[in-house]
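[1] Structure for this input, please:
(3 chains)
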Amino acid sequence: MTAPEKPTLMVIDGHSLAYRAFFALPVDSFVTNDGQHTNGIHGFISMLVLLLQNEQPTHLAVAFDISRHSFRTREYADYKSTRDVTPPEFKGQVPLLQDALRAMGIPTLTKEDYEADDILATLARKGREEGFNVLLVSGDRDTIQLVNDEVTLLYPSTQGVSQLKRYTPDAVVERYAVRPEQYPDVAALVGEKSDNLPGIPKVGEKTAAKWLAKWGSLQGILDHQDEITGKVGESFREHQQEAVRNRKLNRLVDDIDLPVEPGDLARGPMNTTAIREVFTRLQFRTLQERILALAESNGAETSAPPQAAAPVRAELLDEELERWLETAVAASPEGLALTVRTLEGIVTEVGISGPDEATFLTWIPGRADYAPFESWLASGAPKIMFDAKAQLKALLRAGLAVGGAIVDGQIASWLARPQNPPKRLAEFVQQQLDEALPEGDPNELVPPEDAVSFAASDAWFVRRATLEALARLDPGSRGVFDDIEAPLLTVLARMELDGVAVDRSFLQALIDEQRAKVEGLRTAALEAAGVESVNLGSPKQLQEVLFDRLGMPKTRKTKTGYSTDADALAELERSNPHPFLGALRLYRDTTKLLQIEETLMRAIIVGEAPGSDRIHTTYVQVGSASGRLSSNDPNLQNIPIRSSEGRRVRQAFTHGGEFETLLTADYSQIEMRIMAHLSGDEQLIAAFNAGEDLHRFVGARVFHVDPADVTPEMRSKVKAMSYGLAYGLSAFGLSKQLQIEVAEAKGLMEDYFTRFGKVRDYLRGVVEQATENGYTETIFGRRRPFPDLKSTNRLARENAQRAALNSPIQGSAADIIKRAMIAIDTRVRAAGLSSRMLLQVHDELVFEVAFGETEVLEALVRTEMSGAAELAMPLDVQVGIGPNWDAAAH
DNA sequence: GCGGACGACCC
DNA sequence: GCGGGTCGTCCGCT
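    Residues are numbered from 1 along each chain as shown, chains lettered A, B, ... in the order given. Predicted structure coming up:
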């Protein structure tokens, strides 16, 4: 910003910057209720606001390409031809962006047959001639050629669109070692991959710059080409035509006919009504406020830069720390924020933030001057955190007591948008506050006196963003947050820290046995196929064997070929029996088991005492859109159970030496009960209340026979259907699963619904209401949005309908077991029991029972699980006891 | 080294 | 062509 008396003309390449923003921001985080993606628009407007504030242009325009075709594609058909097709999520964002710009009073320019950069070139020349300072904003390197003393280029860095690199002539020389007007020669020599313009092989930026320093221009190099020695010289002489062609194409046209002159682009007033209208449609709340503030200050804005640093105090100790905490707590009944930085699970630093400022403590275990912090930590004051569980575990491992509610912003955000919770704090801060989180560059060396405490800075942002997220929650979700998710977090941390005991030598024996088996199965399969070598783990190679070599009929299509999955192989076995099929199935079963066993073995944390080896899973509280938990590292929610071989893996899960036994407790048919409850179907409710075998009872109604006369075949059909219903099962799906004709499956479903009419009404109603509201809701008020119910894409819409149908059922089941877990944990602790809850597998809980506590624990678990919800029928709980997970099943 | 596709395990 | 997950392997890509 030189010579303030000179007016500043800013010209932006709209398409290239919106496209960059599109890739810089997560596409799924910016979707309106009706399914319109807006990340490119959001990124562009945010950047624009920044530019207006920082650069204060007096004149402004945004240029767009009209299409992919221009005089350049006519000249060279392959120009830009390798570019991927525009992602569908981006399409449609450009017209909306143009609407937004129009509302803001910013002219948009296009020119048939030319690219946006040519418009930039033309306005840059005219602007310069007419005495403007010119600022160009573009993500296309070709615009570097336009830079001169009056024309500066702002170019998005790789870090993101909001970080713009300022190219003055000096900056160009520094970066590329050539003057701006020489840059197109560099590009012509090196080539531009994204434009599908190959350059001269073996010539990179360095070589190009060297030649240009010597001979001044591409023409100069052409004139002196015989002086270039070596392979590079040969390469140049052979490919010089490419460079000449590239140079022709990358020359920007600076004299195209435009309907406006720079002087016409003076910034006019914003249309606040139009802004409200457009930004409301885009659902940009915060951005709208910022734009309106800009409009009000009428171009003379001096607002604070959006990346405000956190107010951080130096480290405080003893009385100072005590006073600081007292003041902060008094000023903040909603709680202080806490961040815990760790190295391999050990606390290294903590940050704390109140409403006015943040501070930090460098953590060295056992220091007395932290006492005020420790007593705040142990107190009942709420702790506001982000992705708290791992941090909480580090504190507990350090032997610290943590009291009060953990208010986790990540969970709050997940409850509002359960499809994609923010993974990183920066994402959360951007989402809630529309601010950039200050982050440290790990490669940057900062002198200690300038070092910022990111623990403190993060805490400052965690607090503000979390309070914002909470304020935005609807009352139902807020209830789920306060009553279910927040108390559960601590329970899960405890379960993860405890882990589950594993019999390592037993597991090793299984591994040894399976390893010995696998080799033999592999050779047997190869022999059966009559091939020398094939990777049985490669679906691609398997397809060659099955369909080419063995000439089997083609199976179900997949994206890349034909299916070789277990169902497809079973189908082949029926139509084309062949020894290879059976051999392959055995090989797959065995290697799968072996793989599971090896994964578990690797996950064992070996204890000091014999029998104290344990596996610690991690539960992801924001891991599913339905409200369920997920488990990983390792996943203990998918341990085999169906086959007898698989159950042997379960036998490896046992109890520690100081415990008496394992106890498992699971809800029987909880989802069916919820469906009965939610639908209010008297028949189904009666079936549960009768307490007899559900599928037999339902089978009797559907097939019009006595319960005693329901055959196993009838029962399994009914069972498949009952479960399938809650998943949006089609007649086709049912026919496939039961190996019956579609017509029969259809008839079966009709009979079912004749008997249990309210179930059908209910399922229909869920989809209808979800379409109307935009979301579904569980019994306890957990919501899940379904924008795709209004999608014009049939497949997307039908997928959404099935998911919507299922989500109140699956989600309510998740709510119920979570409530039970909290209640059990509370009562176990109140009773002073030493037994503990270790695992959760969606409808099942696994406990390690201390000596002599079996009876009391069983009673407690039964009571709390059954009592976790009041449904129209009892929640039946089955309990089993045994020395290992398999034996404890019932 | 990364990520999509596939297949397999669970509720 | 049935909802919700995790994970290992293969394989093509950068």
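
[2] Taking the stretch 51-200 of chain A, what residue is nearest to DNA strand B?
    A:Pro87 (11.9 Å; Cβ to the nearest atom of the strand). For the C-beta atoms, the positions are set from N, CA and C on the backbone; glycine is no exception.

[3] burial measure for that residue, as a count.
    14 (other Cβ atoms under 10 Å).

[4] give me every residue that touches it.
    A:Phe22, A:Val27 (Cβ atoms under 8 Å, 6 or more residues apart in numbering).

[5] where does it land on pLDDT?
    Looking at A:Pro87, its pLDDT reads 74.

[6] From DNA strand C, how far off is it?
    15 Å (Cβ to the nearest atom of the strand, to the nearest Å).

[7] what's that residue sitting at in phi/psi?
    phi -60, psi 140 (degrees, to the nearest 10).

[8] Please report how far the closest residue to DNA strand C within the stretch 451-600 of chain A lies from A:Thr564.
    In the stretch 451-600 of chain A, the residue that lies nearest DNA strand C is A:Ser538 (3.2 Å; Cβ to the nearest atom of the strand). Distance, A:Ser538 to A:Thr564, using Cβ to Cβ, to the nearest Å: 9 Å.

[9] Kindly report the same for A:Lys206.
    Where A:Thr564 is concerned, A:Lys206 sits at a distance of 50 Å (Cβ to Cβ).

[10] So what's the residue count around A:Ala686?
    A:Ala686 has 14 neighbours, counted by other Cβ under 10 Å.

[11] re the thing from before, among A:Lys206 and A:Thr564, which residue is more densely surrounded?
    Set A:Lys206 next to A:Thr564 and count neighbours by other Cβ under 10 Å: A:Thr564 wins out with 23 against 10.

[12] element containing the residue lying closest to that one once chain neighbours are set aside, please.
    Spatial nearest neighbour of A:Thr564, excluding adjacent residues (Cβ to Cβ, 6 or more residues apart in numbering): A:Leu542 at 4.6 Å. Using DSSP states H and E, A:Leu542 sits within helix A:539-543.

[13] Counting neighbours, which bits of that helix end up buried?
    Across helix A:539-543, burial judged by 16 or more other Cβ atoms under 10 Å covers A:Pro539, A:Leu542, A:Gln543.

[14] Just give me how far the helix or strand hosting A:Leu48 sits from the chain centre.
    Using DSSP H and E, A:Leu48 sits within helix A:39-55. Taking Cα atoms, centre = their mean, to the nearest Å, one finds helix A:39-55 lying 24 Å from the centre of the chain it belongs to.

[15] Toward the C-terminus, what is the element adjacent to that helix?
    Remark: after helix A:39-55, the chain's next helix or strand is strand A:59-63, criterion DSSP H and E.

[16] hey, C-alpha coordinates of that next one in PDB?
    Provided in PDB are the C-alpha atoms of strand A:59-63 (Å, rounded to 0.1, in the frame of the first residue of the first chain):
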ATOM      1  CA  HIS A  59     -12.000  -0.200  -7.300                       C
ATOM      2  CA  LEU A  60     -12.900  -3.800  -7.600                       C
ATOM      3  CA  ALA A  61     -14.000  -6.600 -10.000                       C
ATOM      4  CA  VAL A  62     -14.100 -10.300 -10.100                       C
ATOM      5  CA  ALA A  63     -13.400 -12.100 -13.500                       C
END
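
[17] Can you spell out which helices and strands pack onto whichever helix or strand comes after it?
    Proceeding N to C from strand A:59-63, the next assigned helix or strand is helix A:71-75, under DSSP H and E. If you count contacts as 3 or more Cβ pairs under 8 Å, 6 or more residues apart in numbering; DSSP states H and E, helix A:71-75 packs onto helix A:230-250.

[18] after the helix it packs on, next one along is what?
    Downstream of helix A:230-250 (by DSSP H and E), the next one is helix A:272-282.

[19] Could you pull out the buried residues of that next one?
    Result for helix A:272-282 [16+ other Cβ under 10 Å]: buried residues A:Ile275, A:Val278, A:Phe279, A:Leu282.

[20] Equivalent analysis for stretch A:616-623, please.
    Under the neighbour-count criterion of 16+ other Cβ under 10 Å, stretch A:616-623 has A:His616, A:Thr617, A:Thr618, A:Tyr619, A:Val620, A:Gln621, A:Val622 buried.

[21] shouldn't the last one be in contact with A:Ala416?
    Looking back up the chat, that one is A:Val622. No - applying Cβ atoms under 8 Å as the test, A:Val622 and A:Ala416 come out as separate, 11.1 Å apart.

[22] average pLDDT for stretch A:850-864?
    Mean predicted confidence for stretch A:850-864 is 98.

[23] gap between it and the chain center?
    39 Å.

[24] residue contacts, A:Leu694?
    Going by Cβ under 8 Å, 6+ apart, A:Leu694 touches A:Gln669, A:Met672, A:Ala687, A:Phe688, A:Ser722.

[25] The same query, at a cut-off of 7 Å, please.
    With contact set as Cβ atoms under 7 Å, 6 or more residues apart in numbering, A:Leu694 has these partners: A:Gln669, A:Met672, A:Ala687, A:Phe688.

[26] what about the second one, which helix or strand?
    Translated: A:Met672. helix A:670-679.

[27] Just the CA atoms from that helix would do, formatted as PDB, please.
    Only the C-alpha atoms of helix A:670-679 are listed here, as PDB (Å, rounded to 0.1, in the frame of the first residue of the first chain):
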ATOM      1  CA  ILE A 670     -33.400 -54.300  21.800                       C
ATOM      2  CA  GLU A 671     -33.900 -52.900  18.300                       C
ATOM      3  CA  MET A 672     -37.100 -54.900  17.700                       C
ATOM      4  CA  ARG A 673     -38.400 -53.800  21.000                       C
ATOM      5  CA  ILE A 674     -37.700 -50.200  20.200                       C
ATOM      6  CA  MET A 675     -39.500 -50.600  16.800                       C
ATOM      7  CA  ALA A 676     -42.500 -52.200  18.600                       C
ATOM      8  CA  HIS A 677     -42.500 -49.300  21.100                       C
ATOM      9  CA  LEU A 678     -42.100 -46.500  18.600                       C
ATOM     10  CA  SER A 679     -44.700 -47.900  16.300                       C
END
